[in-house]
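Enquirer: From the sequence below, what's the structure:
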Amino acid sequence: MTLPNRRSFLSTTTSTAAAIGVTASTAKSYGRVIGANDRLGVGVIGGGVIGNAHFDVINKLKESNNLLPVAVSDCWMTRAEAGKRKIGADAAYSEYKRLIDRKEIDYVVVATPEHWHWTMTIDAMDAGKAVYCEKPLTHTIPEAQAVVKKQKETGKPLQVGVQAMSDDSYITARDAIRKGVIGKVIQAQIEYVRRYDSKKGPWREPELVAQHATKPADLDWNAWLGSAKKTDWNPNHYFEWRCYSAYSGGICTDLFIHRITRIMKACDLLYPRRVVGMGGIWQWPDGRDLPDNIEMICEYPRGMTVYVLGTMSNRVGIDHLIRGYRGTLKFTKTGWVAEDKDGKILAEHTKTGGEDQNLHHTNLHNHIRNGETLNCPVELGLAGVVAVNMANESWRSSKMIGWDKVNEKMVPADTLHLSHEPEV
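Expert: I've put the predicted structure just below:
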C-alpha cells in the first residue's frame, strides 16, 4: 500500500470540512442516515482498567449523546458480565466476534492489550462498524499500515484514543506556526514522567498476581494470547502486560504516544527521518523486557528534532514547548503562549476542550452523525506508531533507526542515504 505523505497530509488538514487523513463523510455514506436525535449503539471489547474508563464515559454520555449500550466482550467472562451490568448493556460475550456481529451496534470501542488492536479494529470495520481504538493504534508498524489500508477500503470512521487531541491547543498551535508566528521551527521537547514505588515498578500489580496464581475458570487464556507466543497461564503477563514486548511497547507505546502526537499535530509532522531511543531496565530488574526509563529523539524531514523524556523514577518534568527562530511556543495548563527572545508575547491561546475521553467520544459521535472533523484519525495514529516503534527498536538494537520511505518500513539509519538538510 502507499502511505500518506506529508504533502497530502497537510493539504487535507487545511480543510476544516475534512478529517485529517480521513475522508469527511456524512452518515449517509455509512449505509444509513443517523439523525441527531437517533441513538448510536455501542459495544466495548475489553473490561479491564481502560475498558472501565470507557464504561464511565458511556454512562456519562448515555443520555446527552443518545447512546445505546448493546454489548460488552472480554475473554474473562467475569469482566464481561461486570461491564454489562455497569453500563446496562443487553449482552456479555467471551468472544468479541459475537459482539461485532450485533446489528444494533454502530461503533465499537477496542480497549484491549495492544497486540489485539489491529485484528479487532479490522474485524469491526469489516463488519460495518465505526471504531474507537485505544492508543496506540496498533502494536507494530505493519499492523498499523494494515489498519490504514482497511480504513481506506471500507470508509468506516476510526478515532484513535489519544484523547489529548480533543484539546484545541495543538491545532491552534499548528495554525499559528503555519502563519510564521515563531518563525522556522527547529526543535520541540515534551515529557511523560512518573515516580513509581521502589518495590513496585511501572505497571506491576502484585496483589492481583498473588490472587490469581491459578487461572480463573471462566478466562480463555489462549484467546487472550491471540497471535502472541503460546505459554502457560502467567498472571504477570495477564495483569502486567505493559511490561512485556509480546503484548506492548511499554513506555514508548503506552505513554509517549500521548506526547509525540501532540507535537506531530502542532508541527504538521508524519514520519521521522531518524530516531534514537536510549534507556534501560535501571531500577526494576523484575523480569520485564521493556525499559523502565527511556527517552527518545526524533529527527523529521522538515528540519527539526523532537525530544521526549520518559523517566518513571522521578516526576520532575520539563516544559512542553516548540522552538522557532523568531520565538518559542510554550504549552500551559490553560493553552499556550508564544514569546520572542526578549519575552514579548507574540500570540497566545486559551484552550477549549482538554485531554478528555468524554470529548473524544463525542467528537466521534459528531463525526458519525454530521461529518465533524475527527480529532485523531487513522493517519495520525499510524504516524505515532511509527515514531514510538522506531524508538523501541533503537533501544533494542543499540542503533539509530531510519525510515525507509520508499519501502515504508524502519531500517538501520546507516543503510539509508539520508539528507542533513530539510527535505520539505
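
Enquirer: Show me what the host helix or strand of Arg396 is packed up against.
Expert: In this assignment (DSSP states H and E), Arg396 forms part of helix 378-397. The contact analysis (3 or more C-beta pairs under 8 Å, 6 or more residues apart in numbering; DSSP states H and E) places helix 378-397 against helix 141-154, strand 158-161, helix 257-267, strand 274-280, strand 293-300, strand 401-404, strand 409-412. C-beta coordinates here come from the backbone N, C-alpha and C atoms, glycine included.

Enquirer: Could you single out the most deeply buried of these?
Expert: Of all the helices and strands packed on helix 378-397, strand 158-161 has the most neighbours on average by mean count of other C-beta atoms under 10 Å, namely a mean of 30.

Enquirer: Could you list the residues in contact with it?
Expert: Contacts with strand 158-161, where a contact means C-beta atoms under 8 Å, 6 or more residues apart in numbering, come from 22, 121, 125, 130-137, 147, 151, 357, 360-361, 363-364, 367, 374-378, 380-381, 384.

Enquirer: ChimeraX command for the buried members of the residues you listed?
Expert: In ChimeraX, a selection of the buried entries from the contacts of strand 158-161 looks like this (16 or more other C-beta atoms under 10 Å):
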select :22,121,125,130,131,132,133,134,135,136,137,147,151,357,360,361,363,364,367,374,375,376,377,378,380,381,384
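
Enquirer: List the ones among the contacts of strand 158-161 that fall in strands.
Expert: Using DSSP state E, the subset of the contacts of strand 158-161 located in strands is 130-134.

Enquirer: Dump those to JSON lines, plus pLDDT and distance to Pro235.
Expert: Formatted as JSON lines, the ones in strands among the contacts of strand 158-161 follow (pLDDT from 0 to 100; distance: C-beta to C-beta, whole Å):
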{"residue": "Ala130", "pLDDT": "98", "distance to Pro235": "34"}
{"residue": "Val131", "pLDDT": "98", "distance to Pro235": "30"}
{"residue": "Tyr132", "pLDDT": "98", "distance to Pro235": "28"}
{"residue": "Cys133", "pLDDT": "98", "distance to Pro235": "26"}
{"residue": "Glu134", "pLDDT": "98", "distance to Pro235": "22"}
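
Enquirer: Show me which of those is closest to Asp175.
Expert: For the ones in strands among the contacts of strand 158-161, the residue nearest Asp175 by C-beta to C-beta is Tyr132; the value is 26.1 Å.

Enquirer: distance of the residue nearest in space to the middle of the chain from Gly249?
Expert: With distances taken as C-alpha atoms, centre = their mean, Lys135 lies nearest the centre of the chain, 2.7 Å away. According to C-beta to C-beta, to the nearest Å, Lys135 and Gly249 sit 11 Å apart.

Enquirer: cool, Pro301 as well?
Expert: For Pro301, the distance to Gly249 equals 23 Å [C-beta to C-beta].

Enquirer: Check Gly43 too.
Expert: Separation of Gly43 from Gly249 (C-beta to C-beta) stands at 26 Å.

Enquirer: Model confidence score at Leu158, please.
Expert: We have a pLDDT of 98 for Leu158.

Enquirer: Begin at 554 from now on, thanks
Expert: I'll keep to 554 as the first residue from here, and by that count the last item is Leu711.

Enquirer: can you list the domains in the protein?
Expert: 559-719, 722-751+801-906+931-968 (automatic domain parsing).

Enquirer: can you list the weak-confidence ranges in the stretch 854-977 of the chain?
Expert: Scanning the stretch 854-977 of the chain for pLDDT under 70 picks out nothing.

Enquirer: can you pull out the helices in it?
Expert: For the stretch 854-977 of the chain, the helices defined by DSSP state H, counting those that start in this stretch occupy 910-923, 931-950.

Enquirer: Can I get those in JSON lines including distance to Ile871?
Expert: Shown next, in JSON lines, are the helices of the stretch 854-977 of the chain (distance: least, C-beta to C-beta, whole Å):
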{"stretch": "helix 910-923", "distance to Ile871": "26"}
{"stretch": "helix 931-950", "distance to Ile871": "17"}
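
Enquirer: closest to Arg876 out of these?
Expert: helix 931-950 (18.7 Å).

Enquirer: would you put the C-alpha positions of that closest one in CSV?
Expert: Taking C-alpha atoms only, helix 931-950 is exported to CSV below (Å, rounded to 0.1, in the frame of the first residue of the first chain):
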residue,chain,number,x,y,z
VAL,A,931,-6.1,6.8,11.5
GLU,A,932,-3.1,8.5,9.6
LEU,A,933,-2.1,10.4,12.8
GLY,A,934,-2.4,7.2,14.7
LEU,A,935,-0.1,5.5,12.2
ALA,A,936,2.5,8.3,12.4
GLY,A,937,2.6,7.9,16.2
VAL,A,938,3.1,4.2,15.9
VAL,A,939,6.0,4.7,13.5
ALA,A,940,7.8,7.1,15.8
VAL,A,941,7.5,5.1,19.1
ASN,A,942,8.3,1.7,17.4
MET,A,943,11.4,3.2,15.9
ALA,A,944,12.4,4.4,19.4
ASN,A,945,11.9,1.0,20.9
GLU,A,946,13.8,-0.7,18.0
SER,A,947,16.7,1.7,18.5
TRP,A,948,16.8,0.8,22.2
ARG,A,949,16.7,-2.9,21.5
SER,A,950,19.3,-2.8,18.7
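
Enquirer: Many thanks, we can stop here.
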